[in-house]
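Enquirer: Model the following, please.
(one chain, ligands or ions: 1)
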Amino acid sequence: MAKKIDGKAISAAVRQDLAKEVEQLKAAGTTPGLAVIIVGDDPASRVYVNNKKKGCAEIGIYSEEIALPADTTQEELLAHVEALNTREDIDGILCQLPLPSHLDDKAVIAAIAPHKDVDAFHAANVGHIMIGDYSFLPCTPAGVMELLHRSGISVEGKECVVIGRSNIVGKPMAMLLLHENATVTMCHSRTRELKEVCRRADVIVAAVGKAAFVTPDMVKPGAVVIDVGMNRNAEGKLCGDVDPAVDEVASYLTPVPGGVGPMTIAMLLKNTVTAARRRAKQAKN
Ligand code: NAP
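Expert: As a prediction, this is how the structure comes out:
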């Protein structure tokens with residue numbers, strides 16, 4: 001049986017560390033602030049936004065929700081972003097995706113001031129991640145790295161296979177592993193011999209979006225398997241991209257729920273605290 005990497009417990013430990021940092025910042029006169037824009041009434045987005053606000057409240061970060069109707073125009077949305085860009089008390093801005101289809105999410109991300117882009121989606125921050133000189137961490141991949149670090153797992157010199165090449169998970173995930181000296185292979189829907197490629201891996205990160213996609217025959221005995229997937233099975237139950245039977249083959253495995261999921265918000269809070277620390281430093285100089 002694989003050892004479980006407990007994302008809930010690790011996320012709680014990260015948040016506890018952040019709460020202390022927030023306390024120190026507040027004592028020195030800076031309250032970290034996060035603004036969350038939500039457009040329309042997508043129920044999943046509502047749950048994510050509520051969780052982010054709750055996460056802020058728990059560690060003392062000020063959060064502000066800007067809830068806009070589904071028929072908000074691009075100009076109106078951009079005007080909100082612009083106003084937040086200039087607000088002294090707001091360190092981080094995020095716009096909950098997906099947006100209604102008439103809105104251009106790329107233009108919205110591009111309009112967020114890079115130093116307030118706590119999701120690290122802005123091209124400037126993506127570039128910083130690429131060159132390994134970054135202050136904002138891409139939340140989900142950074143959460144994966146934190147799980148590995150706090151579980152004492154080094155990727156140095158190891159074969160790591162990332163399945164999925166999205167801009168928010170797969171690509172930045174590969175970069176963070178590379179920065180820690182892993183030998184990284186990125187796989188996607190056109191990859192040939194996926195099973196053989198995966199079987200070489202010491203570490204597999206699955207970010208595909210398909211339930212039970214990674215099966216035991218794809219995993220080398222003793223490999224570390226990180227499951228980023230968040231899918232619903234036929235009964236509507238939350239499940240990952242990894243077949244639960246992989247538990248018999250892997251050395252470490254992240255559960256779903258309770259693995260990578262709780263880390264993503266913890267990393268968002270970390271980015272907000274980083275931005276507030278930078279503001280406090282600038283105010284001093
Ligand atoms: P995405 O944008 O849909 O990307 C999925 C990736 O999987 C694509 O690169 C796709 O390849 C690849 N893929 C699809 N079918 C494949 C196949 N048969 N063989 C190999 N690769 C295949 O998804 P995402 O946004 O990265 O999210 C992935 C999963 O992570 C989802 O379940 C999502 O809900 C979850 N997620 C979780 C968190 C969290 O906080 N835990 C955060 C973000 C996402 P192509 O590029 O060739 O199409």
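
Enquirer: Can you report phi and psi for G259?
Expert: Comment: the main-chain dihedrals of G259 come out as phi -110, psi -100, following degrees, to the nearest 10.

Enquirer: May I have the residues that are in contact with it?
Expert: For G259, the contacting residues are I5, D6, G7, L147, I226, D227, G240, taking Cβ atoms under 8 Å, 6 or more residues apart in numbering as the criterion. Any C-beta I mention is one placed from the backbone N, CA and C, and that applies to glycine too.

Enquirer: Is there proximity between the host helix or strand of the fourth one and the ligand?
Expert: Using DSSP states H and E, L147 falls within helix 139-150. Yes. Applying Cβ under 6 Å from any ligand atom, one finds that helix 139-150 is in contact with the ligand at T140.

Enquirer: For that helix, name the packing helices and strands.
Expert: Using 3 or more Cβ pairs under 8 Å, 6 or more residues apart in numbering; DSSP states H and E as the contact criterion, the elements in contact with helix 139-150 are helix 7-27, helix 170-179, strand 224-227, helix 261-284.

Enquirer: let's go with 7 Å and repeat that
Expert: In this structure, helix 139-150 makes packing contacts with helix 7-27, helix 170-179, helix 261-284, judged by 3 or more Cβ pairs under 7 Å, 6 or more residues apart in numbering; DSSP states H and E.

Enquirer: The next helix or strand after the first one pairs with which strands?
Expert: Going back to what we said before, that points to helix 7-27. Sequence order places strand 33-39 as the next helix or strand after helix 7-27, per DSSP H and E. On the basis of DSSP bridges, the sheet neighbours of strand 33-39 come out as strand 62-68 (parallel), strand 92-95 (parallel).

Enquirer: between strand 33-39 and helix 261-284, how big is the angle?
Expert: Going by axes from the mean of the first three to the mean of the last three Cα atoms, to 10 degrees, strand 33-39 is angled at 130 degrees with respect to helix 261-284.

Enquirer: any idea of the angle the helix or strand just after strand 33-39 forms with helix 7-27?
Expert: Beyond strand 33-39 in the direction of the C-terminus, DSSP H and E gives the next helix or strand as helix 43-59. Between helix 43-59 and helix 7-27, the angle comes out at 50 degrees (the same axes, to 10 degrees).

Enquirer: follow-up on the earlier one: run through who's touching the helix holding L147.
Expert: Contacts made with helix 139-150 from outside it, assessed by Cβ atoms under 7 Å, 6 or more residues apart in numbering, are listed as 5, 7, 10, 14, 119, 155, 168-169, 172-173, 176, 205, 226, 228, 254, 260, 263-264, 266-268.

Enquirer: can I assume N125 sits in a strand?
Expert: No. Secondary structure of N125 (DSSP: H, G, I helix; E, B strand; the rest coil): helix, not part of a strand.

Enquirer: Does it touch D117 like I think?
Expert: Yes. The pair N125 and D117 qualifies as a contact (Cβ atoms under 7 Å) at a distance of 5.4 Å.
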